[in-house]
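Novice: build me a structure from this.
(chains A and B, ligands or ions: 2)
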Amino acid sequence: MDTFLQVTAYGLLQGGLLALVAVGFSLVWGIMNIVNLSHGAFVILGAYIAWEMQSWFGLDPFLGMFVSAAVLFCIGYVIQRYLINLIVNGPVFITLLLTFGINMIFIQSMNLIFTADFRSIQTSYGSNSLKIGAIHIPVVRLLAFLLAILISFALVAFVKRTRTGLSIMATGMDRGAARLMGIRARHVYAITFAISAALAGMAGTMIATIETFDPAKAGKFTLMAFVVAVLGGLGNLYGALVGGLLIGLVESWAGQYLSGTWVNGIAFLVLIIVLIFRPNGLVGKAFYAARVEL
Amino acid sequence: MLEVKQLTAGYGRTQVLWEMDLTVGKNEIVALVGPNGAGKSTLLRAITGMIPVRSGSVTFDGQVIQGQSIEEIVTRGIAHVPEGRRLFPGLTVRENLQLGAWRTRDTNIDHVVELFPRLGERLDQVAGSMSGGEQQQCAIARGLMSKPTLIIIDELSLGLAPVVVDEIIQRLPGIAESGTSILMVDQDVDAALTIASTAYVLEAGHLVLSGKAADLLADPRVQESYLGVG
Ligand SMILES: Nc1ncnc2c1ncn2[C@@H]1O[C@H](COP(=O)(O)OP(=O)(O)O)[C@@H](O)[C@H]1O
Ligand SMILES: [Mg+2]
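Specialist: Numbers count the residues shown, from 1 in each chain, chains lettered A, B, ... in the order given. Ligands and ions are numbered 1, 2, ... in the order given. Below is the predicted model of the structure:
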């Protein structure tokens, strides 16, 4: 029983991070109809930036994550504004191809710059943990979880409550109509993508304080983001939160109770089962109601 | 104020409009009539930059606007209520109206609620869940939010009950008077010509008639083709 509780706690904590990886991915998918295959590379790049920040300036990763966020925001803005925007009206296949290419460029660049060796971010408090009954909760995991949830909620609040957020929603629902309001859709798209990349960078930094990372791990996070986003309901940010927690739990349980090869497939199994019963994802209706193109 | 000269436009390889000339003056209501597929919507889209202008010119307040982006053109003070209304269906009426004031940042909704009191009772309702008539009122109100100097309304009464149409049409002279000229397309040619001062008749991408709306209303060709008289 104690093992089960421990595994469950770890799963939930991990799930919070998956949720943070997925909310930005889901936002970009829902608003622009782009399945961003380079999302995982942004996660890993965020980890490297924070690692370097710590190595050069001794910056704590929980502060370094904001540097990662800022750098990735800029990178994300430029990529969307000057690259993906060129083909954003094209068929989904074309956007897939482009983001796949961007992903490869990022991974190869990271291999060249940072080498393919495993790294992780160590902190002086990394081995501290809280004890609740029989379960240990490492403070780093707890901190990462709480921040991840907080940031995800902040994103939802931003999209729902601010002027920029309203323009993102409007552009996602009907890009042509949004432009007729005078909203610069290209800029809004770039901001949306930038936010998504920034969140990925923050998630990557926090993940790096918990587990090792290398460029090749990017694909895993893209896959996870995909599963969680679909599970939660496309473009549904609360859904991504719930989906992240669920997948974290399932992965953790599977890692404990099933043999290794099963672990990777289990997330997809859950996805398929959920979609059979709830085709629109876990959390009912998507936060945008319709998509109309000019 | 708005001047379209010798405009041609189309989609991809197909040309849809030939040598269009059209003028909208200050405080004026101008109607554009013609059968389905004549190119009325296409002309309106070319004016606000939703499709490129191939040749000819569009000037607004003396400035050439063709070739500019939709965003730039509407920022000059033109609102376009497109065919099919194109409200943001998942957002509330209030949010839709706020978005209408995007470029001016003046989100005071009193002046449009005064015009369309029905909307005042529906502010927190999701736009997609309203009736067609309410949605059309919301679309026009959204267009008026930025206090434009010209509002372009495509298919004003499509799919609406006659009572609702009357209600909306009644508001138009007041809107024009208060400084927002109107360029409208309506399938109800009788109503459009009654309310407009100038009208243009389009057929198959060509301008076939234009002049004072009252004269067109009395023109036998118009009566025969559009008013079911004769
Ligand atoms: N998006 C489009 N792509 C290609 N052709 C179009 C498009 N919209 C309209 N057309 C064509 O342009 C012509 C004029 O259409 P439209 O301007 O919508 O007419 P109206 O508004 O007068 O009914 C029609 O022949 C129509 O088939
Ligand atoms: Mg039309």
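Novice: in the stretch 101-250 of chain A, which spans are strands?
Specialist: Counting by DSSP state E, counting those that start in this stretch, the stretch 101-250 of chain A has strands at residues A:129-132, A:135-138.
Novice: need these in a markdown table (columns: mean neighbour count).
Specialist: All C-beta spots, glycine's among them, are computed from the backbone N, C-alpha and C. Formatted as a markdown table, those follow (neighbours: other CB atoms under 10 Å in any protein chain shown):
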| stretch | mean neighbour count |
| --- | --- |
| strand A:129-132 | 11 |
| strand A:135-138 | 16 |
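Novice: among those, which is nearest A:G46?
Specialist: strand A:135-138 (20.4 Å; CB to CB).
Novice: would you tell me which helix is longest in chain B?
Specialist: Ranked by number of residues, the top helix in chain B under DSSP state H is helix B:162-177.
Novice: which residue does chain B have closest to chain A?
Specialist: Chain A sits closest to B:G90 of chain B, with a gap of 3.2 Å, by CB to the nearest CB.
Novice: elements contacting whichever helix or strand comes after the longest helix of chain B?
Specialist: Following helix B:162-177 in sequence order, the next helix or strand is strand B:181-185 (DSSP states H and E). Here strand B:181-185 touches strand B:29-33, helix B:40-47, strand B:150-153, helix B:162-177, going by 3 or more CB pairs under 8 Å, 6 or more residues apart in numbering or on different chains; DSSP states H and E.
Novice: next one: strand B:181-185 to chain centre, how far?
Specialist: 4 Å (CA atoms, centre = their mean, to the nearest Å).
Novice: quick one: low-confidence parts of the chain?
Specialist: Reading this off chain A. Low-confidence segments of chain A (pLDDT under 70): A:284-294.
Novice: try chain B instead
Specialist: If you take pLDDT under 70 as the line, chain B has these spans: B:229-230.
Novice: the stretch 51-200 of chain A: helices as residue ranges?
Specialist: A:61-82, A:92-114, A:139-161, A:163-173, A:175-180, A:185-208 (DSSP state H, counting those that start in this stretch).
Novice: and the angle from the last one to helix A:163-173?
Specialist: Using axes from the mean of the first three to the mean of the last three CA atoms, to 10 degrees, one finds that helix A:185-208 and helix A:163-173 are set 110 degrees apart in direction.
Novice: show me what helix A:185-208 is packed up against.
Specialist: Against helix A:185-208 (3+ CB pairs under 8 Å, 6+ apart) you get helix A:2-32, helix A:39-57, helix A:61-82, helix A:139-161, helix A:163-173, helix A:175-180.
Novice: switch those helices over to TSV; also include distance to B:V16.
Specialist: TSV is the format used below for the helices and strands packed on helix A:185-208 (distance: least, CB to CB, whole Å):
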stretch	distance to B:V16
helix A:2-32	29
helix A:39-57	41
helix A:61-82	32
helix A:139-161	38
helix A:163-173	27
helix A:175-180	18
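Novice: quick one: A:I273 from chain B, how far?
Specialist: According to CB to the nearest CB, to the nearest Å, A:I273 stands 28 Å off from chain B.
Novice: hang on, that residue in a helix?
Specialist: Yes. A:I273: assigned to a helix according to DSSP: H, G, I helix; E, B strand; the rest coil.
Novice: ok, it to ligand 2 distance?
Specialist: Taking CB to the ion, to the nearest Å as the measure, A:I273 falls 46 Å from ligand 2.
Novice: so which of the helices and strands packed on helix A:185-208 gets nearest ligand 1?
Specialist: helix A:175-180 (10.9 Å; CB to the nearest ligand atom).
Novice: is the closest one anywhere near chain B?
Specialist: Yes. On the criterion CB under 8 Å from any CB of the partner chain, helix A:175-180 is in touch with chain B at A:176-180.
Novice: okay, now B:V74: neighbour count?
Specialist: Counted with other CB atoms under 10 Å in any protein chain shown, the neighbours of B:V74 add up to 25.
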